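Trainee: need a structure here:
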Amino acid sequence: MNVIAGNVSRRAFLKTGAAIGGGIVAAGMPLSQAIWAAEGKVLNARGVRDVAKLDPGFYQGGPDVDVMNCIYSKLTHYKPGSEWGWELEAAEKVEQVDPTHIRFRLKQGIKFTGGHGEMKAKDVKFSLERVIKHNSPGMSDLGPLDHVEIEDDYTGVIVLKTPFAPLWTLALPYGVGHIVSEDAVMKATSDGGDFGMKPPAFSGPYVLADWKANQYLLLTRNPDWSGPKPGFDEIRILPIADLKTAERAYQAGDIDFTNISLDSLAKFKSAPPADTNVEEHPSLRYAWIGMNMDHPKLKDINVRKAIQWAINVPQILEAAYSGQADVATGTIAPGLVGHRDKALVPPEGDLAKAKDFLEKAGVSDLVLTIDCTNVSTFSTIAVVVQAQLSQIGITVEINVQDRGSFSTVGKESEGERWKDLQLIINDYSSLPDPSYATSSFVQDQVGVWNWERFRSGRFDELYAKALTIEDKDERAKLYYEMQDLMEDSGAYRFLTHGGNPVVYRTSQTQAATRPDGIPLYIDFSSV
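Mentor: Numbers count the residues shown, from 1 in each chain. As a prediction, this is how the structure comes out:
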């Protein structure tokens, strides 16, 4: 197997949605030449990018986790379906003893491949503690983890320094929750560190059989697996960066499962390919228009408020998302704790109020720049905003950049460009805990991911407190206030969470996904 070189941070992948390569379909190589035929049931699926690391402690994004879900086991995993929740996987029991102690008992008989023995509590301890020991990029997912105590071969206690609500929604069922073999990893790495794309042992229903960078990844059944039989003998994941290319690959029969673009949704619904099911799913991503509060032209909150009220969000969504996306009320998506029913500024805005704010600021003939990527969705948003702000006398100049250039525009570590940044069209990905959709806006992220340079001691206080609260209703109230604070600053105009519609071939499979349409391959069934 080839190994991906480079050191790209997990959050960089999550935030920018970067894709590696175009995949074998985009390169024009027939699938039959790229991957050999196999007997038995085979699933061909699109990956939004190539995998980067298959080490749970050092994963770099969702596509890595999609594969790790198949080749490792976790204490818990996300339930497939339309509502967020988790269920037991490697654990036969998990209980919260008190706010900082979680006792688990493993199922017996889960084996690691390569003669590395049965999964034990010591492997859980090793898997979680190595993330902290090696200061890995996934360390934030474990929050205040202190250590894991071993009670017997199958029982242990996760000990936290302080209560941590995302343990249940993020840490255990997602990336760093995957359990690796202490024996195998220590033999492979000597210090228990990053093993990259070379897993030394597997414990899930599948094993990694082959991988060719930017071409395909092949999973086959794990002969040592004693759990429920997975639906397919093989799963082939093809990295296809471009959605339109993925749609063509699906229509050509090269893949059996893919997400599709929102502007193609209506076409797929009205005239779907043969044996195709079209499912609409909300997305956890959030898109917004931000304003650099430190720029001299935007220091006055009245100017920022004028821009907020002049922007008509439904008009933007009609133009940029073909009317297939719903208005966002904040950074936290529907279905998650802390999602607001409505924003403080109505979606349509109000031009009269916008003009009043601008008059109050004593500003006229204002010229601003707006930065965005060269993705057509965001350049379209920029054009609509340009037209909307012209109605209150603000001239907007559009700076369209490739994703590489745009990803550095607000970062202090990348030079002085952040000082010239004014308006920004941005979107970040997220995970099913509200902490993920708010973590970028605390004060220590100013000049890192907080490009609006929003500073609020109250926001930081609420963010820290919300991590410790288990009661969903009480926790939600804190996130409501946090999003209110962002909007009250005038620096944010929330747009949409978009959507993640998927299609799959019903003659091949019954797909299973998270509520946001992300595939859970081990729950796919064959036809």
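Trainee: distance from the chain centre to the longest helix along the chain, please.
Mentor: When the chain is parsed with DSSP state H, its longest helix is helix 472-488. Counting by C-alpha atoms, centre = their mean, to the nearest Å, helix 472-488 is centred 21 Å from the centre of its parent chain.
Trainee: residues of it that come out buried?
Mentor: For helix 472-488, the neighbour count (16 or more other C-beta atoms under 10 Å) marks 475-476, 478-483, 485-487 as buried. Just so you know, the C-beta spots here come from the backbone N, C-alpha and C atoms, and that holds for glycine as well.
Trainee: tell me what the helix or strand just after it is packed against?
Mentor: Sequence-wise, the next helix or strand beyond helix 472-488 is strand 492-496, with elements assigned using DSSP states H and E. Packed against strand 492-496, as judged by 3 or more C-beta pairs under 8 Å, 6 or more residues apart in numbering; DSSP states H and E, are the following elements: strand 286-291, helix 301-310, helix 313-320.
Trainee: how close does the spatially most distant residue from the centre of the chain get to residue 342?
Mentor: Distance from the C-alpha centroid of the chain, by C-alpha atoms, centre = their mean, peaks at residue 362 (41.7 Å). Distance of residue 362 to residue 342, given as C-beta to C-beta, to the nearest Å: 31 Å.
Trainee: do the same with residue 512
Mentor: For residue 512, the distance to residue 342 equals 33 Å [C-beta to C-beta].
Trainee: who has more neighbours, these two?
Mentor: Neighbour totals were compared for residue 512 and residue 342, and residue 512 leads with 17 against 10 (other C-beta atoms under 10 Å).
Trainee: what's the more buried one in contact with, if anything?
Mentor: 80, 519-520, 523-525 (C-beta atoms under 8 Å, 6 or more residues apart in numbering).
Trainee: same question, residue 259
Mentor: Contacts for residue 259 (C-beta under 8 Å, 6+ apart) come out as 46, 48, 243, 246, 500-503, 517.
Trainee: among those residues, which one has the most neighbours?
Mentor: Of those, with other C-beta under 10 Å as the count, residue 246 tops at 28 neighbours.
Trainee: helix or strand right after the host helix or strand of it?
Mentor: Using DSSP H and E, residue 246 sits in helix 243-251. Next along the chain after helix 243-251, taking DSSP H and E as the criterion, comes strand 257-259.
Trainee: what's the next secondary structure element after that following strand?
Mentor: Following strand 257-259 in sequence order, the next helix or strand is helix 262-270 (DSSP H and E).
Trainee: got the angle for that next one vs strand 492-496?
Mentor: 20 degrees (axes from the mean of the first three to the mean of the last three C-alpha atoms, to 10 degrees).
Trainee: quick one: buried residues of helix 262-270?
Mentor: Buried residues in helix 262-270, counted by 16+ other C-beta under 10 Å: 262-265, 268.
Trainee: so what does that helix touch, helix or strand wise?
Mentor: Here helix 262-270 touches helix 243-251, strand 276-279, going by 3+ C-beta pairs under 8 Å, 6+ apart.
Trainee: most tightly surrounded among the ones you listed?
Mentor: Highest mean neighbour count of the helices and strands packed on helix 262-270: helix 243-251, a mean of 19 (counted as mean count of other C-beta atoms under 10 Å).
Trainee: from residue 302, how far off is the residue farthest from the centre of the chain?
Mentor: In terms of C-beta to C-beta, residue 362 sits 8 Å off from residue 302.
Trainee: and residue 176, by the same measure?
Mentor: Taken as C-beta to C-beta, the span from residue 176 to residue 302 is 45 Å.
Trainee: same check on residue 390?
Mentor: Relative to residue 302, and taking C-beta to C-beta, residue 390 is found at 19 Å.
Trainee: how about residue 224?
Mentor: Plainly put, residue 224 is 66 Å away from residue 302 if you go by C-beta to C-beta.
Trainee: now the helices: where do they sit in the stretch 1-150 of the chain?
Mentor: Assigned by DSSP state H, counting those that start in this stretch, the stretch 1-150 of the chain shows helices spanning 10-16, 23-26, 31-34, 62-71, 121-133.
Trainee: same question for the stretch 301-450 of the chain.
Mentor: Under the criterion DSSP H, counting those that start in this stretch, the stretch 301-450 of the chain contains helices at 301-310, 313-320, 351-361, 376-390, 403-406.
Trainee: from the chain's centroid, how far away is the shortest one?
Mentor: Offset of helix 403-406 from its chain centre (C-alpha atoms, centre = their mean): 19 Å.
Trainee: again, but for stretch 154-173
Mentor: Here the centre of stretch 154-173 is set off from its chain's centre by 20 Å, with C-alpha atoms, centre = their mean.
Trainee: doesn't residue 372 make contact with residue 378?
Mentor: Yes: Residue 378 is within contact range of residue 372, at 4.2 Å (criterion: C-beta atoms under 8 Å).
Trainee: shaky segments in the stretch 401-527 of the chain?
Mentor: Judged by pLDDT under 70, the stretch 401-527 of the chain has no weakly predicted residues.
Trainee: what score does residue 138 have for pLDDT?
Mentor: On pLDDT, residue 138 comes in at 87.
Trainee: run a quick neighbour tally on the nearest residue in space to it that is not next to it in sequence.
Mentor: Leaving aside its sequence neighbours, residue 138 sits nearest to residue 176 (C-beta to C-beta, 6 or more residues apart in numbering; 4.3 Å). Using other C-beta under 10 Å, residue 176 is surrounded by 26 other residues.
Trainee: surely residue 176 touches residue 56?
Mentor: Yes: contact between residue 176 and residue 56 holds when scored by C-beta under 8 Å: they sit 5.7 Å apart.
Trainee: now the common contact residues for those two.
Mentor: Both residue 176 and residue 56 are contacted by 127, 138, under the criterion C-beta under 8 Å, 6+ apart.
Trainee: thinking again about what came up before, for the buried residues of helix 472-488, give me TSV that also has distance to residue 432.
Mentor: Output for these, formatted as TSV (distance: C-beta to C-beta, whole Å):
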residue	distance to residue 432
475	14
476	14
478	17
479	13
480	18
481	21
482	17
483	17
485	23
486	20
487	23
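Trainee: just give me the closest of these to residue 292.
Mentor: The shortest approach to residue 292 among those belongs to residue 486, at 14.3 Å (C-beta to C-beta).
Trainee: how near is that closest one to residue 465?
Mentor: 17 Å.
Trainee: just the CA atoms of stretch 87-98, as PDB, please.
Mentor: Listed next in PDB are the C-alpha coordinates belonging to stretch 87-98 (Å, rounded to 0.1, in the frame of the first residue of the first chain):
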ATOM      1  CA  GLU A  87     -25.900   2.500  20.900                       C
ATOM      2  CA  LEU A  88     -23.500  -0.100  22.300                       C
ATOM      3  CA  GLU A  89     -20.900  -1.600  20.000                       C
ATOM      4  CA  ALA A  90     -17.800  -3.200  21.600                       C
ATOM      5  CA  ALA A  91     -19.300  -2.500  25.100                       C
ATOM      6  CA  GLU A  92     -22.000  -4.700  26.500                       C
ATOM      7  CA  LYS A  93     -22.600  -2.000  29.100                       C
ATOM      8  CA  VAL A  94     -21.700   1.600  29.700                       C
ATOM      9  CA  GLU A  95     -22.800   3.500  32.700                       C
ATOM     10  CA  GLN A  96     -22.100   7.000  34.200                       C
ATOM     11  CA  VAL A  97     -21.200   6.300  37.800                       C
ATOM     12  CA  ASP A  98     -21.000  10.100  38.500                       C
END
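Trainee: list the buried residues of it.
Mentor: For stretch 87-98, the neighbour count (16+ other C-beta under 10 Å) marks 89-91, 94 as buried.
Trainee: got TSV for those residues, with distance to residue 295 and pLDDT too?
Mentor: Conversion of these to TSV gives the following (distance: C-beta to C-beta, whole Å; pLDDT from 0 to 100):
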residue	distance to residue 295	pLDDT
89	48	98
90	50	98
91	51	98
94	49	98
